[in-house]
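Student: Got a sequence here, can you model it:
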Amino acid sequence: MRLLHAASLSLCLLGGTALAQNQPAQQPNQQQRAAPAPSPALNALPPDSVTQHTLTLPNGGALAFTATAGSIRLSNRDSGAPVADIAFIAFEMKTDDSARRAVTFAMNGGPGYASAWLNLGALGPWRLAMDAAGARPSAPPVVTPNAESWLPFTDLVFLDPAGTGYSQIHGGDDVRKSLWSVNGDIDSLATTIRRWLEARGRGASPKYIAGESYGGFRAPKIAHRLQVDQGVGVNGLVLVSPVLDFARSQSSRSPLDHVARLPSYAAAHRGVDRTLSRADMVDVETYARGGYLGDLMAGVKDEAALARLSARVSDLTGLPRELTARYAGRVPMSVFVDEFRRAEKNVVSMYDAHVAGIDPSPYGQGPGAQDQMRLGLHAPIVQTMVGLYRDKLDWLPKDGRYFFQNEQAGRQWDWGDRSRQEAVRDFSSAMALDPNMRTLIAHGLTDLVTPYFETQMVLDQMPPLGDPARLRFEVYAGGHMFYSREESRKKFRDDARAMMGR
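Tutor: A predicted model of the protein is given here:
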């Protein structure tokens, strides 16, 4: 299934016109149909706010930059009716040739998340502690200057997709359904990027797209859409803990699902009292794609294979032998999360198996623990972003709620056939179309949601795309948000700078 073109509704709504929010609407002439009356929420977002900042970094350096908080209006191409206001935060450094300075557009995933994870956790000028100690709702929303910010080598534009952050949707259910779909989402974000570049005269700048999780699924599609539809070339991609192909994650009975997660299970066990690198996992990866896969393929009627699986998986993961035998060496993620730290009455995070929370039902069946890494950080991130908008960026909608996570978007997302959704063809096509385009893919060792070995298996099946150095695959200590760890955040920053040639 080719995903080159959006659905007709998406094209009608978004493909033509995206207006900056502070621009006056054009008056329709006699031949044009007047736009419907605006909804009461249309003017809720304030005009763009531009502020100046200078930060003293922990390493003794200084960071002087301009911040712009605002929104870009997307409109219906035919009627001119507003469709959405996409909120953004842009950080730019003034140089002698700012128009040619690199710019990176960053977004998170979900779908239904705003871009605060990457903004506050890794790339932006201010950082919120996201380690295990900070992953609790009562943690103070205090930011510090980010010594690992990417601003020294690229300007940054953080985009909040429709319905997330302060971004607004205008129109009825048909508009919402279009924006909350795979193709409509790509169309809206590609249009927003083009409009931001055109409004600021940044067409000559090297352009990069950074996306985390579902944002890593978005990024190759946006890049390809920009190339072939919007007329914008992209110099590189940074895919953070991405899902490139949803087919495996929708096939929990497939042997490949278990092969993909086994190295991350083993990394959780081996890294309990030490810091690991991917080099420490070579034997597990070899077993996963060899003996483990072979015994899985033998099926559950092969008693010898079952015995081998139960013993080896127990040794690699630290789970009790009777447990691995009960699941025939095919341990589901939910079982691993519940059982890995059961002796301590803890449940580990799916997003980082080295982060644990209290099990509210340690003695039997009951309500499961909520994910400590994801939901433990929800309140601190929301309060930090609201404070950032109010106190530093001078841009705060009077009546708006900041949707760090829009659960409605996640529930109502129009996937089409989810098991057929993949970004591999868009990624390959974009890289093949532009031999100068480069990509950095980054994962965490102990991420169970988007395990690094899953991406490795996808990459192993891709044909060569010219110079192998164009595609760099790095795995760091940590989980889905590996940048919560200082050393991994530093390595990630250095690898991104090297990929961009800055």
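
Student: From Asp174, how far off is Arg235?
Tutor: Arg isn't right for residue 235; it's Asn. Shown here: Asn235 relative to Asp174, a distance of 36 Å by Cβ to Cβ, to the nearest Å. C-beta: built from backbone N, CA, C; applies to glycine.

Student: Can you name the element that comes right after the longest helix belonging to the chain?
Tutor: If each helix of the chain is counted by residues according to DSSP state H, the longest one is helix 182-199. Sequence-wise, the next helix or strand beyond helix 182-199 is strand 207-212, with elements assigned using DSSP states H and E.

Student: so how far is that next one off the chain centroid?
Tutor: The chain centroid and the centroid of strand 207-212 are separated by 9 Å under Cα atoms, centre = their mean, to the nearest Å.

Student: Give me the contact list for that strand.
Tutor: Defining contact as Cβ atoms under 8 Å, 6 or more residues apart in numbering, one finds that strand 207-212 is touched by 102-109, 117-118, 123, 154, 193, 197, 217-219, 222-223, 232-242, 481, 496, 500.

Student: Tell me which of the residues you listed fall in strands.
Tutor: Secondary structure of the contacts of strand 207-212 is defined by DSSP state E; positions in strands are 103-107, 236-240.

Student: By neighbour count, which of these wins?
Tutor: Neighbour count (other Cβ atoms under 10 Å) singles out Met107 as the most crowded of those, with 33 neighbours.

Student: Next one: it, what pLDDT does it get?
Tutor: As summarised for this prediction, Met107 has a pLDDT of 98.

Student: all helices for the stretch 51-200 of the chain, in order.
Tutor: Counting by DSSP state H, counting those that start in this stretch, the segments of the stretch 51-200 of the chain that form helices are 116-118, 173-179, 182-199.

Student: Which among those is found nearest to Met93?
Tutor: Between Met93 and the helices of the stretch 51-200 of the chain, the shortest separation by Cβ to Cβ is 16.6 Å, and it involves helix 182-199.

Student: Let me know the distance separating the closest residue to Ala106 other than its chain neighbours from Leu118.
Tutor: Once flanking residues are discounted, Ala106 sits nearest to Ala210: 4.4 Å by Cβ to Cβ, 6 or more residues apart in numbering. Going from Ala210 to Leu118 by Cβ to Cβ gives 7 Å.

Student: between those two, what contacts are shared?
Tutor: Residues touching both Ala210 and Leu118 comprise 106-107, 240, with contact defined as Cβ under 8 Å, 6+ apart.

Student: Next, format those residues as CSV and append distance to Leu45.
Tutor: Formatted as CSV, those follow (distance: Cβ to Cβ, whole Å):
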residue, distance to Leu45
Ala106, 20
Met107, 18
Val240, 28
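
Student: between these, which is closest to Asp302?
Tutor: Once Cβ to Cβ is applied, the member of the shared contacts of Ala210 and Leu118 that ends up nearest Asp302 is Val240, at 39.2 Å.

Student: Please name the residues that touch the closest one.
Tutor: Contact analysis of Val240 by Cβ under 8 Å, 6+ apart lists 118, 210-213, 215-216, 442.

Student: Equivalent analysis for Pro125, please.
Tutor: By Cβ under 8 Å, 6+ apart, the contact set of Pro125 is 53, 55, 63, 65, 91, 145-146, 149, 151.

Student: May I ask which of those comes out lowest in pLDDT?
Tutor: Looking at the contacts of Pro125 by pLDDT, the weakest one is Leu63, with 92.

Student: And for that one, the neighbour number?
Tutor: Number of residues near Leu63 (other Cβ under 10 Å) recorded here: 18.

Student: Make sure it is actually in contact with Thr54.
Tutor: Yes. Under the criterion of Cβ atoms under 8 Å, Leu63 makes contact with Thr54 at 7.0 Å.

Student: measure Gly165 to Arg489 for me?
Tutor: Separation of Gly165 from Arg489 (Cβ to Cβ): 23 Å.

Student: cool, Asp352 as well?
Tutor: In this structure, Asp352 and Arg489 are 14 Å apart, going by Cβ to Cβ.

Student: Please say which of those two ends up with more neighbours.
Tutor: In this view Asp352 and Arg489 are compared by other Cβ under 10 Å, and Asp352 has more residues nearby, 30 against 23.

Student: Apart from its neighbours in sequence, what residue is nearest the more buried one?
Tutor: Of all residues not flanking Asp352 in the chain, Gly479 sits nearest, at 2.5 Å (Cβ to Cβ, 6+ apart).

Student: so the one you found sits in a strand?
Tutor: No. Read with DSSP: H, G, I helix; E, B strand; the rest coil, Gly479 is coil and lies in no strand.

Student: if I look at it, how far off is Ala44?
Tutor: Relative to Ala44, Gly479 is positioned 36 Å away (criterion: Cβ to Cβ).

Student: Can you pick out the residue with more neighbours from these two?
Tutor: Neighbour totals were compared for Gly479 and Ala44, and Gly479 leads with 30 against 14 (other Cβ under 10 Å).

Student: May I have the residues that are in contact with that one?
Tutor: If a contact means Cβ under 8 Å, 6+ apart, then Gly479 has 349, 351-355, 373, 444-448 as its contacts.

Student: same deal with Ala356?
Tutor: 132, 341, 344, 346-349, 372.

Student: Tell me what it is bridged to.
Tutor: Beta-bridge partners recorded for Ala356 (DSSP bridges): Val348.
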